[in-house]
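J.: What follows is a predicted protein model with its sequence.
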Amino acid sequence: MEVCANWFSSAVKENSLSPSLVSFSSHDIENLNKVLGNGYMQHEKCNIQESNKISKKILLFNCMDVRDPQILLSRLVSTCASSGTCFSKAIFVPSISTYNKVTSGTSVVPSDISSKDLSWQFSLQRLWEKIAHGIADTDSLPEKSTKMDGVETLPRREFLYEDASNCSPADGYLTCSAVISSLPLTIKWLRHCARENPSLRLQVLVTGSLHLVGDVLKLIRR
C-alpha cells in the first residue's frame, strides 16, 4: 500500500505539471525538437489541455475478505496525505474474477450473479467513512441494504462534484464514497461522466486486489 500510494502521488503530481508554467532554455528547446518523432511534443500539448481541467482523484477499491482493510486503507490514506494527495471520492465494487481454492477437477466458478451480496463492499465503505471523517466507531454509521437485485444503481450525477464538507455519515448522507454492484457499469459510468463534462479530469487509482486490477485492465482495453 505504501509503494502504491507513493507511486500514485508521484504520478498525479507529474501529470498536473503544466509545460506553460515551465521555462525552457535554448538547449532544452533544441533537445525537445530532437524528439518530435516520438510523440513527446504531442504529449506536451495534451498536458497543456489537461492542466485546465478540474482534477478529481478517485479510489476504486476492493479486497478479499481474508485481508484486513483497516490496515490497507489506513496506510493508503496516510501515505497519500503525507505527499499532499487526497482522494475526492472512493468507489467500492466487487471483482468480476473470483478466488477459488482448487479442491478437485470439478471446481467451477458460479455463473449466477443476478443477486449480489454487497455486504463486504458496504463494510469497506463504512470503514472508509470512519477513516475519512475520523469517526471512532463504525457502529454509529447507519446500516444499508447489502443486496442489489436486478436493477443496477449508480451514484447521482452530482456525486463526483460534491464537496466532502457536505458529507454527513451520521445521518447516512455519504458524498465521499459509493458502492456500485457492477465493475463494468462503474467503468462505463466514469467514462460517461468524463465525456459529459470536458472540464473534468478523473485520476482513478485501482488497488486493493490484483483480481480487481486485472478485471479493470480487461475492461478498459475493450
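T.: Received it, and whenever you're ready, just let me know what you need.
J.: Are we agreed that L60 is in a helix?
T.: No - checked against DSSP: H, G, I helix; E, B strand; the rest coil, L60 lies outside a helix; its state is strand.
J.: thinking it is in contact with V93, fair?
T.: Yes - proximity of L60 to V93 meets the contact threshold set by C-beta atoms under 8 Å, at 6.7 Å. No exception for glycine: its C-beta is placed from N, CA and C like everyone else's.
J.: the more surrounded of those two?
T.: Taking other C-beta atoms under 10 Å, L60 and V93 do not tie; V93 has more neighbours (25 against 22).
J.: Now do the more buried one against L217, distance only.
T.: Distance of V93 to L217, given as C-beta to C-beta, to the nearest Å: 15 Å.
J.: now swap in T85 and tell me
T.: From T85 to L217 the distance is 23 Å (C-beta to C-beta).
J.: Find the residues that touch each one of L60 and V93.
T.: T186, L212 (C-beta atoms under 8 Å, 6 or more residues apart in numbering).
J.: Would you map the strands across the protein?
T.: Assigned strands in the chain, in chain order: 54-61, 89-92, 115-117, 147-149, 177-179, 200-207 (criterion: DSSP state E).
J.: Which one of the ones you listed lies nearest to A5?
T.: Comparing the strands of the chain by their distance to A5 (C-beta to C-beta), the top pick is strand 200-207, with 8.5 Å.
J.: Can you tell me what sits against the closest one?
T.: Strand 200-207 is touched from outside by 1, 4, 8, 11-12, 15, 50, 53-61, 76, 87, 160, 190, 193-194, 212-213, 216, with contacts defined as C-beta under 8 Å, 6+ apart.
J.: make it 7 Å
T.: Counting contacts by C-beta atoms under 7 Å, 6 or more residues apart in numbering, the residues outside strand 200-207 that touch it are 4, 8, 12, 50, 53-61, 190, 193-194, 212-213, 216.
J.: May I see the buried residues of stretch 199-207?
T.: Along stretch 199-207, the positions that meet the burial threshold by neighbour count (16 or more other C-beta atoms under 10 Å) are R201, L202, Q203, V204, L205, V206, T207.
J.: Tell me where the model's unsure across the chain.
T.: Per-residue confidence for the chain (pLDDT under 70) gives these ranges: 16-52, 98-115, 136-152, 163-175.
J.: quick one: the helices in it?
T.: Listed in chain order, the helices of the chain (DSSP state H) span 2-16, 26-34, 40-50, 69-82, 119-133, 183-196, 210-220.
J.: most neighbours per residue, which of the ones you listed?
T.: Mean neighbour count (mean count of other C-beta atoms under 10 Å) peaks for helix 119-133 among the helices of the chain, with a mean of 20.
J.: Show me what that helix is packed against.
T.: Helices and strands touching helix 119-133, as assessed by 3 or more C-beta pairs under 7 Å, 6 or more residues apart in numbering; DSSP states H and E, comprise helix 69-82, strand 89-92, strand 177-179.
J.: now these in CSV, with distance to G134?
T.: CSV is the format used below for those (distance: least, C-beta to C-beta, whole Å):
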stretch, distance to G134
helix 69-82, 11
strand 89-92, 15
strand 177-179, 15
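J.: Of all these, which one comes closest to T186?
T.: Comparing the helices and strands packed on helix 119-133 by their distance to T186 (C-beta to C-beta), the top pick is strand 89-92, with 6.2 Å.
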